[in-house]
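>>> Predicted model and sequence below, questions to follow.
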Amino acid sequence: GAGVSQTPSNKVTEKGKYVELRCDPISGHTALYWYRQSLGQGPEFLIYFQGTGAADDSGLPNDRFFAVRPEGSVSTLKIQRTERGDSAVYLCASSSGGAQYFGPGTRLTVL
Amino acid sequence: AQSVTQLGSHVSVSEGALVLLRCNYSSSVPPYLFWYVQYPNQGLQLLLKYTSAATLVKGINGFEAEFKKSETSFHLTKPSAHMSDAAEYFCAVSDLNAGNMLTFGGGTRLMVKP
């Protein structure tokens, strides 16, 4: 079946702009996770949804970052007033209680 | 708090040689442990997982890992390296009490020489 998909695959924006990154999880997976992977490092947890609610957002670096999952399926990660330090690959994963399955990621570049 | 340490950010082996990638973890609760592989410009692919059943876990592409509680280790091995195994490998630990969020190690880049 279809895996986790993420759009766009690449996003280039200017400092101070607003961006939205989308994640389509595997159908039926109730848990959805966002991670951020900086160059040469392992992914770092941002936020976790169980159904529609954010069960744990302790990894969000500051209040410029926000994520929603209004219908318990697709999720959008929103970043306001982007900074050069936000440049990274943003990974989404979904799970039905076992292992997490990752999407290909969105590479965000803030100029 | 959980943490994962992967010893050796780069490992180089010859084609056909044994692959050994090291992972040590720290966890206050019985852990679930995972190995993921990441090919260039791609997402992470699950290689194998340990979820408190058999301590020797077999995964895809001929890889396996052994959970050793006394050593807090979960090293990844493959008897004979193939050129296509060249990639970045990540060890991760999750905590059921924290929604299964994954804590990753820094990764090990495996290079395979012909």
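Perfect, I can see it now. Numbering: from 1, shown residues only, chains lettered A, B, ... in the order given.
>>> going forward, measure contacts between C-alpha atoms and count neighbours the same way
Noted.
>>> Could you count how many residues lie near residue 9?
No chain was given, so I picked chain A. 15 (other C-alpha atoms under 10 Å in any protein chain shown).
>>> Correction: the question concerned chain B.
17.
>>> what's the answer for the one 10 residues further on, then?
Other residues near B:Val19 number 22, with proximity taken as other C-alpha under 10 Å.
>>> And stretch B:7-16, how far out from the chain middle?
13 Å (C-alpha atoms, centre = their mean, to the nearest Å).
>>> Any buried residues in it, and which?
Residues B:Leu7, B:Ser9, B:Val11, B:Val13, B:Glu15 are the ones in stretch B:7-16 that count as buried (16 or more other C-alpha atoms under 10 Å in any protein chain shown).
>>> Name the nearest of the residues you listed relative to chain A.
Using C-alpha to the nearest C-alpha, B:Ser9 comes nearest to chain A of the buried residues of stretch B:7-16, at 9.4 Å.
>>> and that closest one, what does it touch?
When contacts are counted by C-alpha atoms under 8 Å, 6 or more residues apart in numbering or on different chains, B:Ser9 touches B:Gly106, B:Gly107, B:Thr108, B:Arg109.
>>> Give me the pLDDT for it.
Model confidence at B:Ser9, expressed as pLDDT, equals 94.
>>> Check the spacing between it and B:Ala17 real quick.
Noted for B:Ser9: a distance of 19 Å to B:Ala17, by C-alpha to C-alpha, to the nearest Å.
>>> Just the ones of the buried residues of stretch B:7-16 in strands?
B:Val11, B:Val13 (DSSP state E).
>>> coming back round to it: present the contacts of B:Ser9 as a markdown table; the columns should include neighbour count, pLDDT and distance to B:Leu48.
Output for the contacts of B:Ser9, formatted as a markdown table (neighbours: other C-alpha atoms under 10 Å in any protein chain shown; pLDDT from 0 to 100; distance: C-alpha to C-alpha, whole Å):
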| residue | neighbour count | pLDDT | distance to B:Leu48 |
| --- | --- | --- | --- |
| B:Gly106 | 22 | 95 | 18 |
| B:Gly107 | 28 | 96 | 15 |
| B:Thr108 | 24 | 97 | 16 |
| B:Arg109 | 21 | 97 | 18 |
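>>> between the residues you listed, which is nearest B:Lys49?
Within the contacts of B:Ser9, distances to B:Lys49 taken as C-alpha to C-alpha reach their minimum at B:Gly107, with 16.4 Å.
>>> what's near enough to touch the closest one?
Counting by C-alpha under 8 Å, 6+ apart, B:Gly107 touches A:Gln41, A:Gly42, B:Gln6, B:Ser9, B:Glu88, B:Tyr89, B:Phe90, B:Cys91.
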